[in-house]
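Engineer: What would the 3D arrangement of this be:
(chains A and B)
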Amino acid sequence: MSTAPPSLAQPAPAAQTARNAEYHGYLQALLAGDRRGCQDVVEHWLAAGTHVRVLYEELFRRSLYEVGTQWEQGRVSVATEHSATAISEGLLNLVYPALFNQPRVGLAAVVACSANEYHQIGGKMVADVFELHGWRGYFLGANTPLCDLLALIREKQPAAVALSLTVHFNFDALLNFISAIRTAFPTVTMLVGGQAFQHADQQQLAQFNDVHHVASLTDLETWITARTLACRPTM
Amino acid sequence: MDHGPDIGMQTDDVMARAVLAAVLFHAPVLVIRFDAAQRVTFTNTYAQRMLGHALRERTLAALLVEFSPAIDLRALLAQPDATHMLTLRTAAGVPESFMFRFFPVADETLAVGYLDVQEQRRLQEEVLLLNQTLNNLTRQLQQANAELRDLNQLKNVFLGMAAHDLRNPLGVILTYTGFILDEASARLTAEQCGFLSTCQNAAASMQRLIGDFLDVAMIESGALRIEPAPVSIAAIIANVLQLARLLAAKKNVALHLPEIPDEWRIMADGPKLEQVILNLVSNAIEYSRPGQHVWLSTRWAPPALTLAVCDEGPGIAPADQACLFTAFAHTGARKTAGERSVGLGLVIARKIIEAHHGRIWVESVPGHGATFSFTVPIHATDTLTPRNHG
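Structural biologist: Numbers count the residues shown, from 1 in each chain, chains lettered A, B, ... in the order given. I've put the predicted structure just below:
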């Protein structure tokens, strides 16, 4: 029988309520531009042994999606949205000391945002989840030039290339990236994901071989675990 | 004078009042009126929020940041269609650049200012981009550090394995050359004995080197173990002397040692402390010329025992002193009889002393020798003797 680590197991109802209350406190601090207040919550969760993926899903991703929704509804300004993103991204740095010390499995992934895509935090969290599972997660940042991406794939020979897309408007640019990567690297697995896929026609991905949509960080972890096992040398 | 495009409004009183109220109380526009003496007589809500409330009677020059060039309102009014960028001190204490136009109203002047939104937007985008870049670089740095740690660990494992595997065949070489020299030298020529001695010395030198490599590999992998036990300082020094006297005699270097009371005992790893002292004394001898002196001194001053080794060698340049206790550090000075060194002895010494919660350092003036000192703690249970020996 396998048991999930305590930090990943479903928390008790009281703990879930407390965590939810902390999330709302974090969200209010984030909307108010209170970096210190946000940092306190992150540090508290980390000190409590919260799994990094839970932190990413339940704090960073959830709050940023909420900020995005409020922006779409005209309840917060562009400046507030930018401030929330900048604060969240800065807080990711708190996780890194633990993140990069995982035992290595000898696999690498290259993670990038396509051309004109300036929202990079989602892609960075994806690269971090690879690190969490012992992969090297190389992250190229926002608005990656295609030539830089191809050069890094050539250099690192990754087992997977992950492309993040936040703004649906850039979907065609993403398809161009996939096409170029597939031409240059016929066998590399490609993963795509991000907020833009809430509105995108995923059927368009079917024209490419071995390109998969990953809907959440949980799904990504499932994929990484399976691929790690598949690549493990047999005795 | 250009009054702007016709926006199709009826300029009746109601409309005019509405526009005026909007500008004065709600719009992000600075409205400041100056009298003929160029002093503030009115500010709107936005101006008070941005620049503070105590603006009355202040001149335009007093609103500007200190380094602004002298400005005369009359000169600005002479260019009625021009927009002027002026940097004002805001209530928040930071300077802010506003675009101003100036209008004459009877003998007074009305100044209307606004922030350049495009400029603010460019700035915001630049800051966001820099923030992203900084965060990405932070991530890359952490990742690169982790990769370096992994590589270093791999290097230590390799070094440890290689050194361990080399040590056994070297042991065989040393043993059998020793046997031959002891038992068959009578049947060998002097030249053949000399060859064997050279083989033995080279193998012994290599064995010491391998010992250093193993020590460093062990230290860097965090496997350095200190096994404290009550040890006699006199006994440690006596052990060191057995080897040091041979070295000193061979180079005709005078070795001066203190008398150390038997009751000086501390909790320490004796063999490792011995290794440190032997390293310092050997270095001192190897950097000395024939006829020079090396002094070893000790000071028992709770809570620490200090041991120092002083020589009359070439000394160490200040720039070299800073990196002397790091791996593979070399100074400009050469050992006087061409003795070989890979520069690991002092880093091993530092690690051993630090593992004892002590400190090691060097003091030197180039051309006037060097003094290497270290301290190790004296614990409450250790023997206390209020005497110094040097």
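Engineer: okay, CA-based contacts and neighbour counts for the rest of this
Structural biologist: Noted.
Engineer: Name all residues that make contact with the closest residue to chain A within the stretch 251-390 of chain B.
Structural biologist: Here the stretch 251-390 of chain B gets closest to chain A at one residue, residue B:351, 24.0 Å apart by Cα to the nearest Cα. Residue B:351 makes contacts with residue B:219, as judged by Cα atoms under 8 Å, 6 or more residues apart in numbering or on different chains.
Engineer: mind showing which ranges of chain B have poor pLDDT?
Structural biologist: Along chain B, segments meeting pLDDT under 70 span B:1-11, B:327-342, B:380-390.
Engineer: Which residue ranges of the stretch 151-300 of chain B form helices?
Structural biologist: B:190-220, B:233-251, B:270-286 (DSSP state H, counting those that start in this stretch).
Engineer: So which bits of the shortest one are buried?
Structural biologist: Within helix B:270-286, the residues that count as buried by 16 or more other Cα atoms under 10 Å in any protein chain shown are B:270, B:272-286.
Engineer: so how many other residues sit close to the residue nearest to residue B:68 when sequence neighbours are not counted?
Structural biologist: The shortest distance from residue B:68 to any non-neighbouring residue, by Cα to Cα, 6 or more residues apart in numbering or on different chains, is to residue B:87 (7.6 Å). Residues near residue B:87, counting by other Cα atoms under 10 Å in any protein chain shown, number 19.
Engineer: Could you give the backbone dihedrals for residue B:87?
Structural biologist: phi -100, psi 120 (degrees, to the nearest 10).
Engineer: Report the beta-bridge partners for it.
Structural biologist: In this structure, residue B:87 bridges to residue B:97 when assessed by DSSP bridges.
Engineer: any idea how far residue B:115 is from it?
Structural biologist: Applying Cα to Cα, to the nearest Å, the value for residue B:87 to residue B:115 is 11 Å.
Engineer: what angle sits between whichever strand or helix holds residue B:308 and helix B:233-251?
Structural biologist: If you go by DSSP states H and E, residue B:308 is part of strand B:304-311. Taking axes from the mean of the first three to the mean of the last three Cα atoms, to 10 degrees, one finds that strand B:304-311 is oriented at 10 degrees with respect to helix B:233-251.
Engineer: rewinding a little: help me confirm that the residue nearest to residue B:68 comes into contact with residue B:98.
Structural biologist: Yes: under the criterion of Cα atoms under 8 Å, residue B:87 makes contact with residue B:98 at 6.2 Å.
Engineer: so what sits against both of residue B:87 and residue B:115?
Structural biologist: In contact with both residue B:87 and residue B:115: B:97-98, using Cα under 8 Å, 6+ apart.
Engineer: Residue B:79 - how many residues pack around it?
Structural biologist: By other Cα under 10 Å, neighbour count at residue B:79 equals 13.
Engineer: and the longest helix anywhere in chain A, what does it pack onto?
Structural biologist: Using DSSP state H, we find that the single longest helix of chain A is helix A:13-31. Using 3 or more Cα pairs under 8 Å, 6 or more residues apart in numbering or on different chains; DSSP states H and E as the contact criterion, the elements in contact with helix A:13-31 are helix A:35-47, helix A:62-72, helix A:78-92.
Engineer: Not counting that helix itself, show me its contacts.
Structural biologist: Against helix A:13-31 from outside (Cα under 8 Å, 6+ apart): A:35, A:37-38, A:41, A:58-59, A:63, A:67, A:80-81, A:83-84, A:87.
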